[in-house]
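Enquirer: Structure for the following, please:
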Amino acid sequence: MKVIEFIPSLVMAGAETIVKDYALRLDTYDDIELLVVVVFKTNSLWEKTLQDNGINLLFLDETTKLHKTSTPAIITGAKHITKLRKIIKTFKPDIFHYHLYISKYVFMAGLPKSTSVIYTLHTDFDIWRTKHPNDINFFKLIKRKYNSKLITLTPMMQQKTNEFFNINDSVVFNNGIDIKKFKSGADRIKTRAKLGFKSGDFVIGNIGRFVELKNHTFLIDIFKEIHKTNPDSKLLLISGGGPLEDSIKKRLAEYNLIDDTAILYNRSDINDLLNAMDVFILTSKWEGLGIVLIEAQISGLWTIASNVVPESTRISNHIEYLDLSTSPKYWAEKILALKSCKTPIEYYGLENWEMDNVVKKLHEIYKSSMTMRHHSNRTINQS
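Expert: All right, here's what the predicted structure looks like:
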């Protein structure tokens, strides 16, 4: 079974991390020949991780200038599609699994009609519908042409996609986690010392690229209120960079919080860094899921998230959802109250998030898609 995983880039963000983890495990299956195809090369740690592990990895654009080029987009896109068509013609995939907003590429890629196409929707459906209507239109065309399957991350996403496309076969699929890894972070005190934090500091953490949806402006406003009440508070931001990086640093400087903030980039030791935190905060304006919340809870942290984040992220009694319309001061009060909370963590259905189990389920989806494809081919031939 020849499988292509296709994604715009391998920057260190949620969907990209999932694809990296999928690839590392799928490559161990004897019945899978795997190829990861990426539009933009960014020289990220995830690219190196795959290459170091012997994963077949190809790029459509190796200029390492993600979304930054003087070449007109229409010309660049045409070059990408031409290269993708050549890759497909050579590799001849049975399964083409793609991620994020590249349905146009997939439709124009010249896939054989016998190919099964699988699309994982990593964002909130309403965001997909309103902000990426062209991607939806191309996905509709893909559904008409190929045996296809839509993977969603939550029951609500599944309901909305089924209603919108008038289908009943989309599936809900947990993003996987290496549970053992996140339950066994490095020594908390030593990690804090490396970051310049004291053992008694109250450390607020966040993981996310510096982009609009992550809403770092509101997060910094919250930290400002926390720091007023508790001067020993520290903010730990872990990011893969992003277009809003300068404005975020400017806001920290305006609030005189630079010295109380650590910003780390492109880290592979997320489990160790989570272990150094006291509370994890996610102030996103929208999320398909918010896998970092799962990781934070597995690490034993209290987690506070905006109430636009799916309830599917509730895997323990250590998470609370707050309204973004409430004030930063309200959020700060809720977070500071957790300092004295001694309630032990209890988990719900943790085994459903284990990465090995998730990839096993993905493998079954690939095999069932192959079976459906062969059945369809026989039906066409008989007619």
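
Enquirer: that's a helix at V11, yeah?
Expert: No - V11 sits outside any helix when classified using DSSP: H, G, I helix; E, B strand; the rest coil, being coil.

Enquirer: any idea how far it is from G241?
Expert: 8 Å (Cβ to Cβ, to the nearest Å). All C-beta spots, glycine's among them, are computed from the backbone N, C-alpha and C.

Enquirer: Which parts of the stretch 251-383 of the chain are helices?
Expert: Here the stretch 251-383 of the chain has its helices, by DSSP state H, counting those that start in this stretch, at 270-275, 291-298, 328-337, 355-382.

Enquirer: quick revisit: anything in contact with each of V11 and G241?
Expert: Listed as contacting both V11 and G241 by Cβ atoms under 8 Å, 6 or more residues apart in numbering are R209.

Enquirer: show me where pLDDT drops low in the stretch 51-200 of the chain?
Expert: 64-75 (pLDDT under 70).

Enquirer: What segments of it are strands?
Expert: Per DSSP state E, counting those that start in this stretch, the stretch 51-200 of the chain carries strands over the ranges 57-61, 95-99, 116-120, 147-152, 171-172.

Enquirer: for those, which one ends up most surrounded?
Expert: Highest mean neighbour count among these (mean count of other Cβ atoms under 10 Å): strand 116-120, with a mean of 24.

Enquirer: Now do that one against strand 147-152, angle only.
Expert: Strand 116-120 runs at 10 degrees relative to strand 147-152, counting by axes from the mean of the first three to the mean of the last three Cα atoms, to 10 degrees.

Enquirer: can you list contacts of strand 116-120?
Expert: Residues outside strand 116-120 that contact it (Cβ under 8 Å, 6+ apart): 15, 94-99, 103, 106, 111, 139, 142, 146-151, 153, 173, 365-366, 369-370, 372-373.

Enquirer: pLDDT weak spots in the stretch 251-383 of the chain?
Expert: For the stretch 251-383 of the chain, the ranges with pLDDT under 70 are 372-383.

Enquirer: Rebuild the helices of the stretch 251-383 of the chain as CSV, extending it with mean neighbour count and distance to Y321.
Expert: Shown next, in CSV, are the helices of the stretch 251-383 of the chain (neighbours: other Cβ atoms under 10 Å; distance: least, Cβ to Cβ, whole Å):
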stretch, mean neighbour count, distance to Y321
helix 270-275, 21, 19
helix 291-298, 25, 10
helix 328-337, 17, 11
helix 355-382, 14, 24
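
Enquirer: how much space between T161 and I365?
Expert: For T161 relative to I365 (Cβ to Cβ), the value is 16 Å.

Enquirer: How far off centre is stretch 54-61?
Expert: Here the centre of stretch 54-61 is set off from its chain's centre by 20 Å, with Cα atoms, centre = their mean, to the nearest Å.

Enquirer: likewise stretch 4-12?
Expert: 11 Å.

Enquirer: wait, what's in contact with S44?
Expert: So S44 contacts 9-12, 16, 240, 266 (Cβ under 8 Å, 6+ apart).

Enquirer: hang on, the earlier thing: who's more crowded, V11 and G241?
Expert: A count of neighbours by other Cβ atoms under 10 Å puts V11 above the other of V11 and G241, at 21 against 18.

Enquirer: Nearest residue to that one in space, ignoring adjacent ones along the chain?
Expert: G240 (4.9 Å; Cβ to Cβ, 6 or more residues apart in numbering).

Enquirer: repeat for C341
Expert: That would be W302: by Cβ to Cβ, 6+ apart, it lies 7.0 Å from C341.

Enquirer: OK, contacts around the one you found?
Expert: Taking Cβ under 8 Å, 6+ apart, one finds 278-280, 318-320, 338, 341 in contact with W302.

Enquirer: Tell me which entries of those residues lie within strands.
Expert: Using DSSP state E to define strands, the subset of the contacts of W302 located there is 279-280, 319-320.

Enquirer: Check which helix or strand L236 maps to.
Expert: According to DSSP states H and E, L236 maps onto strand 233-239.

Enquirer: which residues sit against that strand?
Expert: 195, 197, 201-210, 216, 220, 223, 226-227, 245, 248, 257, 260-265, 267, 270, 273, 276-277.

Enquirer: Given that strand, what are its sheet partners and their directions?
Expert: strand 202-207 (parallel), strand 261-265 (parallel) (DSSP bridges).

Enquirer: May I have it as PDB, with CA atoms only?
Expert: Taking Å, rounded to 0.1, in the frame of the first residue of the first chain, the C-alpha atoms of strand 233-239 are listed here in PDB:
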ATOM      1  CA  SER A 233       5.000  35.300  38.200                       C
ATOM      2  CA  LYS A 234       6.800  34.300  34.900                       C
ATOM      3  CA  LEU A 235       5.500  33.800  31.400                       C
ATOM      4  CA  LEU A 236       6.900  31.000  29.200                       C
ATOM      5  CA  LEU A 237       6.000  31.300  25.500                       C
ATOM      6  CA  ILE A 238       7.000  28.400  23.300                       C
ATOM      7  CA  SER A 239       6.600  29.100  19.600                       C
END
